[in-house]
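*Asks:* Can you look at this prediction? I've put the sequence above it.
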Amino acid sequence: MKIIKNLNEIKNNSKPCSITIGNFDGMHKGHRELIEKTVDLAKKSNLIPTVMSFDPLPEEYFNIPNFFRLMEDNDKIDAFNELGIKQIILLPFTKEFSQIEANDFIFDILLRKLNTKIITIGKEFRFGYKRKGDFKLLNQYHQKKFSLFKIDILSIDNNKIGSSYIRKLLIDGQINKANQLLRKPFTISGAVMDGEKRGRKLGYPTANIEIYKSYPINGIFLVEVLIDGKDKHHGLASIGNKPTFSGKNDVLEVFIFDFDSDIYKKNLKVYFVEKIREQIKFKNENDLKTQMNEDYKKAIQILNKINGL
């Protein structure tokens with residue numbers, strides 16, 4: 001699979017492609033339908049099945065409130081590969097890129113650079129400066145320049161299946177429902193850093209994970225933890241601002257069950273399985289420890305239920 005991170009790497013009139021474009025954050029069912037259609041059309045016409053996406057994502061560049069990634073680029077690329085994509089155009093979303101007019105994007109990038117023959121997009125897809133480009137604009141050119149296909153938006157419980165809806169589910173604590181739509185647990189990754197070691201004093205030593213931004217997710221969760229891509233364990237994670245200790249910055253802490261090894265600076269991948277409760281401000285450390293004991297018991301009960309015990 002070829003990964004292109006700069007349009008200058010592409011010669012004009014390169015090998016013709018069938019392309020779909022978007023963030024593909026989370027790779028939910030709607031995303032998969034777009035990619036499967038793109039790959040199927042490419043096979044039928046002997047084209048290169050191609051995805052165009054962005055890093056940073058437009059919402060990150062414009063600093064949209066409460067936006068957070070549902071999937072890291074490496075996991076997204078693995079999913080593209082599994083679905084049959086052979087070429088990924090992963091472009092930096094910059095001020096200059098954001099100001100490309102929709103018509104210029106069509107002619108200069110899709111046609112001249114990428115030699116696009118088939119475009120498959122979602123119903124609400126927008127592109128170009130001020131998001132002026134859409135299916136209607138593409139449709140003006142498609143008969144002469146390329147074939148155009150549109151995938152309708154899927155719905156569940158009268159809600160559109162999309163990355164924004166999944167983020168709302170996660171913020172609302174509906175982890176199971178979000179994970180079902182993602183087809184895998186929501187994940188946060190980061191390196192283990194020095195902490196205040198308060199958990200150790202309470203009998204629950206935690207790994208403090210450096211996270212790249214604040215997440216609008218709060219609470220205590222049953223999680224699976226993958227250490228340096230190898231060892232997998234269950235645990236309890238706390239994400240939020242540690243209200244009992246008057247914390248201001250959001251942190252992710254994980255207590256790993258039956259584990260006592262030094263993992264400082266190692267990379268942890270934390271898979272969120274189920275929410276236990278919200279974060280609570282306790283009067284003192286003893287009350288917090290009592291609640292942590294209850295959290296642990298509840299987590300074990302959930303694990304036993306999952307494992308059919």
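*Replies:* Here it is on my side, so go on. Residues are numbered from 1 along each chain as shown.

*Asks:* for the stretch 101-250 of the chain, what spans make up the helices?
*Replies:* For the stretch 101-250 of the chain, the helices defined by DSSP state H, counting those that start in this stretch occupy 102-104, 135-139, 142-145, 163-171, 175-182, 198-201.

*Asks:* I'd like those as JSON lines, with mean pLDDT appended.
*Replies:* Listed next are these as JSON lines, based on pLDDT from 0 to 100:
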{"stretch": "helix 102-104", "mean pLDDT": "96"}
{"stretch": "helix 135-139", "mean pLDDT": "93"}
{"stretch": "helix 142-145", "mean pLDDT": "76"}
{"stretch": "helix 163-171", "mean pLDDT": "94"}
{"stretch": "helix 175-182", "mean pLDDT": "94"}
{"stretch": "helix 198-201", "mean pLDDT": "66"}
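
*Asks:* Would you format those helices as CSV with distance to K213 and mean neighbour count included?
*Replies:* Glycine gets a C-beta too; all of them are placed from N, C-alpha and C. Below are the helices of the stretch 101-250 of the chain laid out as CSV (distance: least, C-beta to C-beta, whole Å; neighbours: other C-beta atoms under 10 Å):
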stretch, distance to K213, mean neighbour count
helix 102-104, 30, 16
helix 135-139, 32, 14
helix 142-145, 39, 11
helix 163-171, 13, 19
helix 175-182, 18, 19
helix 198-201, 23, 15
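
*Asks:* Any chance of JSON lines for these, columns distance to K283?
*Replies:* Output for those, formatted as JSON lines (distance: least, C-beta to C-beta, whole Å):
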{"stretch": "helix 102-104", "distance to K283": "58"}
{"stretch": "helix 135-139", "distance to K283": "57"}
{"stretch": "helix 142-145", "distance to K283": "65"}
{"stretch": "helix 163-171", "distance to K283": "27"}
{"stretch": "helix 175-182", "distance to K283": "28"}
{"stretch": "helix 198-201", "distance to K283": "16"}
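
*Asks:* so which of the ones you listed comes closest to T116?
*Replies:* helix 142-145 (8.2 Å; C-beta to C-beta).

*Asks:* looking at the helices of the stretch 101-250 of the chain, which is closest to S45?
*Replies:* Short answer: helix 142-145, nearest of the helices of the stretch 101-250 of the chain by C-beta to C-beta, at 14.3 Å.

*Asks:* Indicate which one of the helices of the stretch 101-250 of the chain is closest to H233.
*Replies:* Closest to H233 of the helices of the stretch 101-250 of the chain, according to C-beta to C-beta: helix 198-201, at 15.8 Å.

*Asks:* What count of nearby residues applies to E9?
*Replies:* 12 (other C-beta atoms under 10 Å).

*Asks:* Report the contact partners of it.
*Replies:* For E9, no contacting residues are found, by C-beta atoms under 8 Å, 6 or more residues apart in numbering.

*Asks:* The helices of the stretch 101-250 of the chain: which one's closest to E278?
*Replies:* helix 163-171 (12.0 Å).
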